[in-house]
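Q: Provided below are the primary sequence and the corresponding predicted coordinates.
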Amino acid sequence: MPHFSIIAPIDALVVGDRHAVARFPLHATVVPPFGVLSGRHAVVEAVAGVAAGKQPIPTAIGATARFGPNRDVPVALVEPELLTDLHTSLLAALEPLGWAPVDADANGTGYRPHVAATRQAALAVGAVLILDHLAVVDLDRDEATVVSVAALAGAPA
C-alpha cells in the first residue's frame, strides 16, 4: 500500500517535485504519513474538496520540540487551532477511502501541528505564516514526490 502525507508548503511546490525525505522543503504537516485503500486519485480529489472549502490559515511558530521515536527530529510547533480544524476536516474526508495512519497517535487528539526543520532551514519562534496551499506527497522509502497541490479558497492558484 503506498503511503502519503498531506502538507501545507511554506514555499511553493509543484506537481512532480521530488526530494529526499530528509531534504524536503519546509512545510507544516497537516496529516502525517498514512496509507489508503482507494488509491492516489481518491486522495487527491478528497484533499482538493477540503481545500476548496477552507480559507488561508494565518498562524505563528510557537515553541520548538523534538519528534520521532528517538526524539531526534527538531520541529517548530505551529499554533494549532485553525490547522487542527483543517487536520480534522481532512481526516473526515479520508476515512471513507480506507485511511490507515502509520502512527494513529499522531492524528486526531494526538495531532501536534508542526514544521520539521531540515538541514538547510528552520523557522524561528514567533515567525508568522499564512498557509494557503495543501500538497499531497507520495512517500516512497527515502524519497517524497508531490502528486498534487491545491489552493485553499481565496488563495492565489
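A: Arrived safely. Not measured: the values here are computed from a predicted model.
Q: how close does the residue of the chain most remote from its centre sit to Ser5?
A: For the chain, the C-alpha farthest from the mean C-alpha position belongs to Asn70; by Cα atoms, centre = their mean, that distance is 21.1 Å. Asn70 is 20 Å from Ser5, where distance means Cβ to Cβ, to the nearest Å. C-beta: built from backbone N, CA, C; applies to glycine.
Q: what does Val43 give?
A: 10 Å.
Q: what residues are shared contacts of the two?
A: Val136 (Cβ atoms under 8 Å, 6 or more residues apart in numbering).
Q: And the two? Which one has more around it.
A: More neighbours surround Val43 than the other of Val43 and Ser5, with 25 against 20 (other Cβ atoms under 10 Å).
Q: give the contact list for the more buried one.
A: 4, 36, 94, 97, 136.
Q: Pull the most distant pair out of those residues.
A: Within the contacts of Val43, Leu97 and Val136 form the most distant pair, 12.1 Å apart (Cβ to Cβ).
Q: which of the two has more neighbours?
A: Shown here are Leu97 and Val136; by other Cβ under 10 Å, Val136 has more neighbours (22 against 16).
Q: Do a quick rundown of the strands in this structure.
A: 3-9, 18-20, 27-35, 57-67, 73-78, 100-101, 114-116, 128-131, 133-140, 143-151 (DSSP state E).
Q: List the strands paired with the second one, with their directions.
A: Sheet pairing for strand 18-20, assigned by DSSP bridges, gives strand 143-151 (antiparallel).
Q: Also the fourth one?
A: Looking at strand 57-67 with DSSP bridges, its partner strands are strand 73-78 (antiparallel), strand 128-131 (antiparallel).
Q: Can you mark which positions in stretch 87-102 are buried?
A: The neighbour-count check on stretch 87-102 (16 or more other Cβ atoms under 10 Å) flags 87, 89-91, 93-94, 97, 99, 101 as buried.
Q: Val21: which of the residues you listed is nearest?
A: Pro101 (17.3 Å).
Q: Is the closest one bridged to anything, and to what?
A: Under the criterion used (DSSP bridges), Pro101 bridges to Phe34.
Q: mind listing what the closest residue to Pro33 other than its chain neighbours touches?
A: Spatial nearest neighbour of Pro33, chain neighbours left out: Val102 (4.2 Å); criterion: Cβ to Cβ, 6 or more residues apart in numbering. The contact partners of Val102, by Cβ under 8 Å, 6+ apart, come to 3, 32-35.
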